[in-house]
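**Student:** fold the following for me, if possible:
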Amino acid sequence: FGTQGRGGYFDEFGIIRDVMQNHLLQVLCLVAMEPPVQVTGVEASNFVRDEKVKVLKALQTPKLDQCVFGQYVADDEGKNEGYLDDPGVPKDSRTPTFTTMVFYIRNPR
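**Tutor:** Numbers count the residues shown, from 1 in each chain. Okay, here's the model as predicted:
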């Protein structure tokens, strides 16, 4: 889907700070957390937050060999531009636009 002209913004933060840290860790927490004590009422959001924090505290820091970083390039047919084709991206950018990581959570499950 590309950066669609937002490359200048994205180049400053990259996939790690823009997507992983802000969005995917939230999903990881929601999937891996224990059920909150309470899910309704005034304090419900605090119980959900507490369970998410427990997951974050239990995460092992990924080792470099558990991570893959890359940068999207144009396809061979020319239908999709690569990251460096975005006018807002410096031509020598090394900002990752793709990553996959293995996370281990130190908990009884």
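
**Student:** for the chain, give me the ranges with low pLDDT.
**Tutor:** Applying pLDDT under 70 to the chain flags the ranges 1-2.

**Student:** pretty sure D18 sits against F10.
**Tutor:** Yes. D18 lies in contact with F10 (CB atoms under 8 Å); the separation is 6.2 Å. Every C-beta, even on glycine, is put in place using the N, C-alpha and C of the backbone.

**Student:** the two: which has the busier surroundings?
**Tutor:** Neighbour count, other CB atoms under 10 Å: between D18 and F10, F10 has more, with 22 against 16.

**Student:** tell me where this protein has helices.
**Tutor:** 7-15, 25-32, 44-58 (DSSP state H).

**Student:** comparing the ones you listed, which comes out most buried?
**Tutor:** helix 7-15 (a mean of 16; mean count of other CB atoms under 10 Å).

**Student:** please write out the alpha-carbon positions of that one in PDB.
**Tutor:** The C-alpha coordinates for helix 7-15 follow below in PDB (Å, rounded to 0.1, in the frame of the first residue of the first chain):
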ATOM      1  CA  GLY A   7       7.400   9.100   3.400                       C
ATOM      2  CA  GLY A   8       9.000  12.200   4.900                       C
ATOM      3  CA  TYR A   9       7.000  11.500   8.200                       C
ATOM      4  CA  PHE A  10       7.600   7.800   8.000                       C
ATOM      5  CA  ASP A  11      11.300   8.100   7.300                       C
ATOM      6  CA  GLU A  12      11.800   9.900  10.600                       C
ATOM      7  CA  PHE A  13      10.100   7.200  12.700                       C
ATOM      8  CA  GLY A  14      10.200   3.900  10.700                       C
ATOM      9  CA  ILE A  15       8.200   0.800  11.100                       C
END
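
**Student:** with that, I have no additional questions.
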